[in-house]
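[1] Here is a sequence with its predicted model. Questions after.
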Amino acid sequence: MEDSLRPFVERVEALEDDLKRAKNRTEAGPAQEAIVELHQTLEGVEEEIAELKRTLHVLSWRYRSLPVDPAASGTGADPSAPAFPMDDLASTTYVQKGWNCIAVGDYEGALDMLRRAVDAAPGDVRALSALGWAQTLSEDYDEALMTYQKVLATNANDPLAQVNLGYICLKKKIYGEAIEHLSKVVKSGEDRKATLYGNYYLGLVYLAREMYSDAVSFFEKAIELGPAMSEAYFQLGRVHYLAGRKEKAVAVWKEGTAANEHDPWAERCTEVATSVEAGRRPRFE
């Protein structure tokens, strides 16, 4: 790990310890304030890095504008070639911020950032794929379909587009097409994130079709790829419960709680496990 990142890592670890010790939100209040402050600091660092990268791009172009030394002709690298990929920095910055918003469930913020990314670089497949993801999570399926059509027009095998098309088909209960899209992603395994969600969404497809054995298999694979994915534990426990394996369901939900204590899905795992242990029917929706 770079020494320059060590202070940030240590601060995050300290905040994690503070939250583990806190018994309620009142006690955790100072930690939350520190989290917000650190997040703002990191955003400032990101902006400074982006500015430095812009400067490096300018310097690279200045280098390319220098005359070629005739004596060096035919030796070494082509002086007309850029020193590094000339990505559109504005689009890249917005895409990064969009993913950050998605990670914390701020889909409106993600849509805003990712639309800016697409405006800055209309042909950037990364920006389009991320925008489609945010639209999907916002349940704006028609817009997402249009976005993914643009992605697939450029790259017919884009894994993120395929996995989200599968999810959209799942939500529309077009299960056959959902399985087709998702299976393609899972079999290729080219993109880890897409493969993770491909397995998870396939689990949801088979859960919806009440094919519990297949659902268990895909949810377990998702957990293997994403051990902190409490959402997958929640659904895996749900399958076991619906299949009549209540004790197994409770055990899985408790694992989901421990996997990522600060995830809202971990809280849901706790809720349903508590309900079943108390003899009540759990609420899944």
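    Good, I have the coordinates.

[2] where's residue 23 relative to residue 135, distance?
    Relative to residue 135, residue 23 is positioned 39 Å away (Cβ to Cβ, to the nearest Å). (Glycine included, C-beta is placed from N, CA and C.)

[3] between these two, who's got more neighbours?
    residue 135 (25 against 7; other Cβ atoms under 10 Å).

[4] Can you point out the helix or strand that includes that one?
    Using DSSP states H and E, residue 135 falls within helix 125-137.

[5] what's that helix packed up against?
    With contacts taken as 3 or more Cβ pairs under 8 Å, 6 or more residues apart in numbering; DSSP states H and E, helix 125-137 sits against helix 89-103, helix 107-120, helix 141-154, helix 159-171.

[6] Contacts only, for residue 15.
    The contact partners of residue 15, taken as Cβ atoms under 8 Å, 6 or more residues apart in numbering, are 31, 34, 35, 38.

[7] Kindly indicate whether the closest residue to it other than its chain neighbours is helix, strand or coil.
    The shortest distance from residue 15 to any non-neighbouring residue, by Cβ to Cβ, 6 or more residues apart in numbering, is to residue 31 (5.4 Å). At residue 31 the chain is in helix, as set by DSSP: H, G, I helix; E, B strand; the rest coil.

[8] and residue 31, how far is that from residue 104?
    According to Cβ to Cβ, residue 31 stands 16 Å off from residue 104.

[9] which one of the two has more residues nearby?
    residue 31 (19 against 10).

[10] Please enumerate the helices of the protein.
    Taking DSSP state H as the test, the helices found in the chain are 6-21, 25-65, 89-103, 107-120, 125-137, 141-154, 159-171, 175-188, 192-208, 212-225, 230-242, 246-259, 264-277.

[11] Can you flag the weakest of these by average pLDDT?
    Mean pLDDT per stretch puts helix 25-65 lowest among these, at a mean of 69.

[12] Now for residue 113: which residues touch it?
    Counting by Cβ under 8 Å, 6+ apart, residue 113 touches 94, 95, 97, 98, 101.

[13] Can you tell me the centre-most residue of this protein?
    residue 103 (6.0 Å; Cα atoms, centre = their mean).

[14] Neighbours of residue 220, how many?
    Residues lying near residue 220 (other Cβ under 10 Å) number 15.

[15] This completes my enquiry, with thanks.
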